[in-house]
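# Here is the input, now give the coordinates:
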Amino acid sequence: MPFFKSMPETAGPGNVFSAYREVYRHWAEMGQALINGPSPLSPAEREVIQACAVARGVDDGLVAKLVDNIATAPIADKWKPLLQFIRKLTLTPTRVEQSDADAVFAAGWSEKALHDAIAVTARMTFMTRIIHGHGFTPMTPERAKASAENRAKVGYVDLYPGLGGKS
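Residues are numbered from 1 along each chain as shown. Purely as a prediction, here's the structure:
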């Protein structure tokens, strides 16, 4: 049950975005540009970083394998330093060092790719705080998949009533 009595029992970030359009319109536009805009990382790869990958064609179970152990996950070696950087940034952000970035660059990633991965991680940290701060019930895997499929279809701005052109 959300902490905010004005929100329905099934509320999520979209309710916050719609209720506070003046704050979150820009955030939705940023999400659209960040996930679907130009990048060395494909939208599916950026969704992997978000751990909402099923709707973009990422194999079921890959995210769980990555969470369990990046080193043994069935991904290209090039990805491992990038995902290890993201993991460290998420769990121990004050311990990220030049050597972590250097490993990403040595694997062949550009500064733009690392920036985009960092930005996606920052976005998900923000969204986690929105979810937990408002007391929203975590999504079931089925609802998360449906939500990811909807984002892939309509983008980020049109997800939220009153923010996009299709409210």
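
# Helices along this structure, start to end?
Secondary structure of the chain by DSSP state H: the helices cover 13-19, 21-36, 43-50, 62-68, 79-91, 98-106, 111-134, 141-154.

# buried residues in the fourth one?
Of the residues in helix 62-68, those with enough neighbours to count as buried (16 or more other CB atoms under 10 Å) are 62-63, 66. The C-beta positions use only the backbone N, C-alpha and C, and glycine is treated the same way.

# Also stretch 125-138?
Result for stretch 125-138 [16+ other CB under 10 Å]: buried residues 131, 134, 136.

# For these, give me TSV that also has pLDDT and distance to P43.
Formatted as TSV, those follow (pLDDT from 0 to 100; distance: CB to CB, whole Å):
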residue	pLDDT	distance to P43
I131	88	22
H134	92	27
F136	89	25
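
# quick check: mean pLDDT across stretch 45-63?
Stretch 45-63 carries an average pLDDT of 68.

# among the helices of the chain, which is the most enclosed?
Mean neighbours per residue, mean count of other CB atoms under 10 Å, is largest over these for helix 43-50, with a mean of 20.

# That one - contacts with which helices or strands?
Using 3 or more CB pairs under 8 Å, 6 or more residues apart in numbering; DSSP states H and E as the contact test, the elements touching helix 43-50 are helix 21-36, helix 62-68, helix 111-134, helix 141-154.
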